[in-house]
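Chemist: next come a sequence and a model predicted from it.
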Amino acid sequence: MTARHPLAHAFAPIAVLALVWGCNWPILKIGVTEIAPLTFRAITLPFAAAGLFVIVRMAGERLAIPRAWWGRVVVLSLFNITGWNGFVLFGVQQLPAGRSAILAYTMPIWATLIAMAVLHEPLNRRKIVGLALGMLGMVVLLGDDLRQLRSLPVGALLILAAATSWAIGIVLLRKWNPPIAQIALSAWMMLLGSLPLVAIAPLIDPSPLAGLPHWSPGAWFAVVYNIVLAGTIANGAWFHLARSLPVAISSLSSLPVPVVGVFAGMLVLGERPGATEFVALGLVLASLAAVLFQPSGQPARVEPE
């Protein structure tokens with residue numbers, strides 16, 4: 001049986017992720033430079049969760065989680081929200097925003113490999129080519145900076161830990177597929193995943209709101225941006241993709257994000273684009289085409305849920 005290719009309903013979420021999450025890398029860098037990292041997330045994540053709950057109510061979806069599913073929802077929250085945000089916050093403090101984005105989006109490598117073992121998803125030629133092109137694009141963006149990573153091992157390892165945590169969360173989400181409306185599941189994961197960070201923040205930063213009256217307009221913008229756009233809207237778009245598409249495709253669909261992140265870092269932080277950025281952009285777009293577009297005359301098959 002044939003049907004519309006998954007790309008038909010993936011264009012809008014991919015565009016939202018590329019723009020909102022990509023632009024958030026320099027914005028996040030500004031925010032955690034002025035505000036303690038865990039304090040930043042302890043403020044933004046619960047409000048982003050509240051925004052998702054409002055959307056759930058407006059959409060008329062049910063919020064209830066079946067009792068038998070609470071344990072799995074908590075695990076999904078820890079990998080997708082707690083681990084990802086916790087590691088990224090401290091990693092981005094120690095690395096440039098663009099480089100952090102690139103390292104974070106090695107996630108498709110780990111997600112695809114984990115999915116092969118856990119979900120037994122086939123890795124066909126087109127997926128292999130797409131994955132290779134996407135990763136090559138990231139290597140090109142790093143360029144000579146690969147040598148510098150040796151002098152910043154902690155920051156790099158933290159970002160890679162975040163990518164791995166995110167990859168595990170994606171695969172488990174696809175494997176378990178909880179019987180809960182996606183926007184409601186996103187809201188619960190955001191809320192539950194934020195709780196450990198909220199609990200730990202005062203231990204790391206004993207006076208988390210002491211500097212609030214002195215926050216700059218840039219810091220306030222970073223907080224609002226991460227609540228409304230990066231937290232509420234983009235997370236809703238991402239979990240829609242992660243749950244509705246095979247892991248190899250959903251994870252690769254996030255590859256435009258680091259490209260946008262690098263260019264946004266150049267604009268916001270004053271870096272200058274070069275030939276490598278444009279080469280990397282072409283490679284990333286080619287990777288998407290390899291995975292998401294079917295050859296002419298070959299109808300797309302809908303993957304079973």
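Modeler: Everything's here; your move. Not measured: the values here are computed from a predicted model.

Chemist: please enumerate the helices of the stretch 101-250 of the chain.
Modeler: 107-118, 125-142, 145-148, 153-176, 182-204, 217-227, 234-244, 247-252 (DSSP state H, counting those that start in this stretch).

Chemist: export the ones you listed as JSON lines, with columns for mean neighbour count and distance to Ala49.
Modeler: Where you see a C-beta, it was placed from the backbone N, CA and C, and this is true even at glycine. Shown next, in JSON lines, are the helices of the stretch 101-250 of the chain (neighbours: other Cβ atoms under 10 Å; distance: least, Cβ to Cβ, whole Å):
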{"stretch": "helix 107-118", "mean neighbour count": "20", "distance to Ala49": "22"}
{"stretch": "helix 125-142", "mean neighbour count": "19", "distance to Ala49": "30"}
{"stretch": "helix 145-148", "mean neighbour count": "12", "distance to Ala49": "35"}
{"stretch": "helix 153-176", "mean neighbour count": "21", "distance to Ala49": "16"}
{"stretch": "helix 182-204", "mean neighbour count": "20", "distance to Ala49": "4"}
{"stretch": "helix 217-227", "mean neighbour count": "17", "distance to Ala49": "10"}
{"stretch": "helix 234-244", "mean neighbour count": "22", "distance to Ala49": "9"}
{"stretch": "helix 247-252", "mean neighbour count": "26", "distance to Ala49": "22"}
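
Chemist: who wins for proximity to Leu269 among these?
Modeler: Closest to Leu269 of those, according to Cβ to Cβ: helix 217-227, at 11.6 Å.

Chemist: ok, back up a step: out of the helices of the stretch 101-250 of the chain, nearest to Gly51?
Modeler: helix 217-227 (6.7 Å).

Chemist: what's that closest one in contact with?
Modeler: Residues from elsewhere that reach helix 217-227 (Cβ atoms under 8 Å, 6 or more residues apart in numbering): 24, 27-28, 30-31, 34-35, 40, 43-44, 47-48, 51, 215.

Chemist: ok so, going back, among the helices of the stretch 101-250 of the chain, which comes closest to Val20?
Modeler: That would be helix 234-244 among those, by Cβ to Cβ, at 4.2 Å.

Chemist: tell me what angle that closest one forms with helix 107-118.
Modeler: Orientation check (axes from the mean of the first three to the mean of the last three Cα atoms, to 10 degrees): helix 234-244 against helix 107-118 gives 30 degrees.

Chemist: pull the CA atoms of helix 234-244 into CSV?
Modeler: Taking Å, rounded to 0.1, in the frame of the first residue of the first chain, the C-alpha atoms of helix 234-244 are listed here in CSV:
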residue,chain,number,x,y,z
ALA,A,234,10.2,23.8,18.7
ASN,A,235,10.0,20.9,21.2
GLY,A,236,6.4,20.2,20.1
ALA,A,237,7.7,20.1,16.5
TRP,A,238,10.6,17.9,17.3
PHE,A,239,8.7,15.2,19.3
HIS,A,240,6.1,15.1,16.5
LEU,A,241,8.9,14.2,14.1
ALA,A,242,10.6,11.8,16.5
ARG,A,243,7.5,9.9,17.1
SER,A,244,6.0,9.8,13.6
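
Chemist: closest to Ala275 out of the helices of the stretch 101-250 of the chain?
Modeler: Of all the helices of the stretch 101-250 of the chain, helix 125-142 comes closest under Cβ to Cβ, at 9.6 Å.

Chemist: what is that closest one packed up against?
Modeler: Applying 3 or more Cβ pairs under 8 Å, 6 or more residues apart in numbering; DSSP states H and E, one finds that helix 125-142 contacts helix 97-104, helix 107-118, helix 247-252, helix 256-269, helix 275-292.

Chemist: centre of the chain to it, how far?
Modeler: 18 Å (Cα atoms, centre = their mean, to the nearest Å).

Chemist: please save the CA atoms from that helix in PDB.
Modeler: Provided in PDB are the C-alpha atoms of helix 125-142 (Å, rounded to 0.1, in the frame of the first residue of the first chain):
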ATOM      1  CA  ARG A 125      22.100   2.500   1.000                       C
ATOM      2  CA  ARG A 126      20.200   5.900   0.900                       C
ATOM      3  CA  LYS A 127      20.300   6.200   4.700                       C
ATOM      4  CA  ILE A 128      24.000   5.300   4.800                       C
ATOM      5  CA  VAL A 129      24.800   7.900   2.200                       C
ATOM      6  CA  GLY A 130      22.600  10.500   3.900                       C
ATOM      7  CA  LEU A 131      24.200   9.900   7.300                       C
ATOM      8  CA  ALA A 132      27.700  10.000   5.800                       C
ATOM      9  CA  LEU A 133      27.100  13.300   4.000                       C
ATOM     10  CA  GLY A 134      25.600  14.900   7.100                       C
ATOM     11  CA  MET A 135      28.400  13.900   9.300                       C
ATOM     12  CA  LEU A 136      30.900  15.000   6.600                       C
ATOM     13  CA  GLY A 137      29.300  18.400   6.700                       C
ATOM     14  CA  MET A 138      29.800  18.600  10.400                       C
ATOM     15  CA  VAL A 139      33.500  17.600  10.100                       C
ATOM     16  CA  VAL A 140      33.900  20.300   7.400                       C
ATOM     17  CA  LEU A 141      32.400  22.900   9.700                       C
ATOM     18  CA  LEU A 142      34.800  21.900  12.500                       C
END
